[in-house]
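K.L.:
I would like the atomic coordinates for the input below:
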Amino acid sequence: MSDYSARNKRLAKNTIVLYFRMFFIMALQLYTSRLVLQALGIENYGIYNVVGGVMAMLNFVNMSLSNANSRFVSVEIGSGNLDSVKKLFGCIMSIHCLFGVIILIFAETVGLWFVMTQLVIPSERMVAAIWVYQSAVLSSIITIISSPYNGLIIAHEKMSAFAVISIFDAVAKFGIAILLFYSLIDRLILYAVLHVLIQLIVCLIYAVYCKKKFEESNYHFIWNKKVSLSVLSFAGWTLTGNIAVMGYTQGLNILLNIFFGAIVNAARGVSVQVQTAARMFFVGFQTAINPQIYKSYAQKDFDRMHALVFMSSRFSFFLMLVVTIPLCMHTQYILELWLGDVPEYTAAFVRIMLIVGLINTLQNPTMTALHATGNIKKVQIVESSLLLSVVPVAYFCLKFLHILPVMVFVVYFIIEFVAQFVRVYMIYPMIKLRMKDYFIKVMWPISVVTTLAVLVCWISSRVIVVSDFWMLLVAIAVYVLIIGVCVFFFGLQKIERQYAIKLVHEKVMKIC
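P.N.:
Numbers count the residues shown, from 1 in each chain. The predicted structure follows:
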């Protein structure tokens, strides 16, 4: 078997494994979220979302380091130099330990002051909120330490192990949700503390697996100046992008808390849960394909790299579209089935966040290609400045125009939309791709598919009356079929349609 065929086979296998993981975890997480909301109540759920979100703002450092890990480890593995991979992993782990200490100090000073003095939290729930915050701090430190092991598994494309550990994590969190209903102590405190315990167990599992499977993961302190500076320089510039993401994400969360209180934070928390679950439909595919983009660049196989970027963009968008259209057509009904008591504004928040999720599917392949080059400084500065503008613009609109919470998310959507076109304009010339090719091979097919699918599905929704759960399933099946037909005829390239027909024919022949 040729190396090209082997890589395609590995990509297909990893994608299937990650999608099995995705369906299982998504179903479990959606039910877990319902149980947690019922067990905690809307106010406690809102407190958990906004207080935990403050600590999430400090995690931008870990996100930046993780991006650097994935890029450098995948490129070194692609080059085939084991000694370099060992040295690199040692340096990366040392850097993570250092930043874990820095984040701990920052969290216990500035972060703690902010939670205690700036957030709108009922006085009788302040003690529980502090427990939530301290648990979030510990969870963040554990995540930082385990991140290099997680990245090593993905870089080696061992997606089966990644899937099994992720499933364990989801099952454990489901167990926590069940346990809350039988708790004799404060449920919010118990929920936060048990989350830390699960995080610690998952971290240990990652570490043990890597030590058994990958020789380079046997950590001992290394501080190679040249390697460390390369990783830190790359992480430093990705840090600007991650600061922007965490800044506008949690900045909007805090603005909603200040202007509207914890109840609206609960609605936002639910919408983020839905978006996160929906994102799993394409994140699995992108997780499988990203290491091959890095390795193709390391091996100077630019044709394959370009093909992977285009394929990842289109397929990820279509996968997200399969979720977005049915959810947007019957948002309120689905939320009522899922949660029972739906916080105000939740349906509108969910719809906008799902549409933003469609744009996000196009972001990752483009940024992965950029990261493969290592030349990220200029793009990160421009992108970060644009994304961070969401918070001051939203604040101005809330303070002086007195807009409703929904309009905050409309502002967010508009800026995300503009940011994607700025990325393409700046990045594609850097990776030797013409913008014309992007619009022909990505934007045109997804625009045609989306327009046709939305139009036909909307007409179908006028005909199919969803009055119970079974009619909802019928409606969703019809929408998925419509989207599938549109994708097949207008979203796939000729060679992809031929491959799909051949694959289906082979499967039918085996059954017959």
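K.L.:
so who does V85 touch?
P.N.:
Listed by C-beta atoms under 8 Å, 6 or more residues apart in numbering, the contact set of V85 reads 73, 76-77, 216. Where C-beta positions appear, they are placed from N, C-alpha and C, glycine not excepted.
K.L.:
for L40, state which of these is nearest.
P.N.:
V73 (38.5 Å; C-beta to C-beta).
K.L.:
about what we covered before: quick one: which of the contacts of V85 sit in helices?
P.N.:
Using DSSP state H, the subset of the contacts of V85 located in helices is 73, 76-77.
K.L.:
of those residues, keep whichever come out buried.
P.N.:
Using 16 or more other C-beta atoms under 10 Å as the burial test, the ones in helices among the contacts of V85 include 73, 76-77 as buried.
K.L.:
which secondary structure element contains A278?
P.N.:
Under the criterion of DSSP states H and E, A278 resides in helix 262-298.
K.L.:
going by distance to I376, which of the buried ones among the ones in helices among the contacts of V85 wins?
P.N.:
Nearest member of these to I376, counting by C-beta to C-beta, is V73, at 16.7 Å.
K.L.:
local confidence estimate at that closest one?
P.N.:
pLDDT recorded at V73 is 73.
K.L.:
cool, and V120?
P.N.:
Turning to V120, the model gives it a pLDDT of 75.
K.L.:
from the ones in helices among the contacts of V85, which single one is nearest H96?
P.N.:
Top of the list for closeness to H96, among the ones in helices among the contacts of V85 and by C-beta to C-beta, is V73 at 12.8 Å.
K.L.:
from F214, how far off is that closest one?
P.N.:
Using C-beta to C-beta, to the nearest Å, V73 is found at 10 Å from F214.
K.L.:
which neighbours do the two share?
P.N.:
In contact with both V73 and F214: L152, using C-beta under 8 Å, 6+ apart.
K.L.:
V466 in helix, strand or coil?
P.N.:
With DSSP: H, G, I helix; E, B strand; the rest coil as the basis, V466 sits in coil.
K.L.:
number of residues surrounding it?
P.N.:
Number of residues near V466 (other C-beta atoms under 10 Å) recorded here: 17.
K.L.:
pull the contacting residues for it.
P.N.:
Counting by C-beta under 8 Å, 6+ apart, V466 makes contact with 330, 333, 472, 475.
K.L.:
looking at the last one now. What's its pLDDT?
P.N.:
At A475, the pLDDT value in this model is 92.
K.L.:
just checking, it touches V463?
P.N.:
No - at 9.5 Å, A475 does not count as touching V463 under the criterion of C-beta atoms under 8 Å.
K.L.:
between those two, which is the more surrounded one?
P.N.:
Neighbours per residue (other C-beta under 10 Å) separate A475 from V463, with A475 holding more: 21 against 8.
K.L.:
now the more buried one: which helix or strand?
P.N.:
Assessed by DSSP H and E, A475 sits inside helix 469-486.
K.L.:
residues contacting Y428?
P.N.:
Neighbour list for Y428: 366, 434-435, 437-438 [criterion: C-beta under 8 Å, 6+ apart].
K.L.:
which of the residues you listed sits closest to V51?
P.N.:
Nearest member of the contacts of Y428 to V51, counting by C-beta to C-beta, is T366, at 33.7 Å.
K.L.:
tell me which element the closest one falls in.
P.N.:
Remark: T366 resides in helix 346-373, with elements defined by DSSP H and E.
K.L.:
sorry, back to before: drop anything exposed from the contacts of V466.
P.N.:
Buried members of these, scored by 16+ other C-beta under 10 Å, are 330, 333, 472, 475.
K.L.:
dump those residues into CSV; add distance to V408 as well.
P.N.:
Formatted as CSV, the buried ones among the contacts of V466 follow (distance: C-beta to C-beta, whole Å):
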residue, distance to V408
H330, 24
Y333, 25
L472, 29
A475, 30
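K.L.:
those residues: which two are farthest apart?
P.N.:
Y333 and A475 (9.8 Å).
K.L.:
mind giving me the domain split of this structure?
P.N.:
Structurally, the chain divides into domains by automatic domain parsing as follows: 19-433, 444-512.
K.L.:
so what's the backbone phi/psi at V342?
P.N.:
Main-chain torsions, V342, degrees, to the nearest 10: phi -100, psi 120.
K.L.:
check D468 too.
P.N.:
Per-residue torsions, D468: phi -150, psi 180 (degrees, to the nearest 10).
K.L.:
tell me the pLDDT of it.
P.N.:
84.
K.L.:
and it, how many neighbours?
P.N.:
Per other C-beta under 10 Å, the neighbour tally for D468 reads 11.
K.L.:
and for the one 10 residues further on?
P.N.:
V478 has 17 neighbouring residues, counting by other C-beta under 10 Å.
K.L.:
can I get stretch 185-199 as CSV, trimmed to CA atoms?
P.N.:
Extracted in CSV, the C-alpha atoms of stretch 185-199 (Å, rounded to 0.1, in the frame of the first residue of the first chain):
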residue,chain,number,x,y,z
ILE,A,185,-24.7,19.1,51.1
ASP,A,186,-24.7,22.2,48.9
ARG,A,187,-25.2,20.8,45.3
LEU,A,188,-23.2,23.6,43.6
ILE,A,189,-20.2,23.0,45.8
LEU,A,190,-20.3,19.3,45.4
TYR,A,191,-20.6,19.6,41.6
ALA,A,192,-17.6,21.9,41.4
VAL,A,193,-15.4,19.7,43.7
LEU,A,194,-16.3,16.4,41.9
HIS,A,195,-15.4,18.0,38.6
VAL,A,196,-11.9,18.6,39.8
LEU,A,197,-11.6,15.0,40.9
ILE,A,198,-12.6,13.8,37.4
GLN,A,199,-10.1,16.1,35.8
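K.L.:
figure out how far that stretch is from the centre of its chain.
P.N.:
Chain-centre distance of stretch 185-199: 23 Å, with C-alpha atoms, centre = their mean, to the nearest Å.
K.L.:
what residues of that stretch count as buried?
P.N.:
Result for stretch 185-199 [16+ other C-beta under 10 Å]: buried residues 187-196, 198-199.
K.L.:
again with stretch 427-441
P.N.:
Neighbour-count burial for stretch 427-441, with 16+ other C-beta under 10 Å as criterion, is recorded at 427-428, 431, 433, 438, 441.
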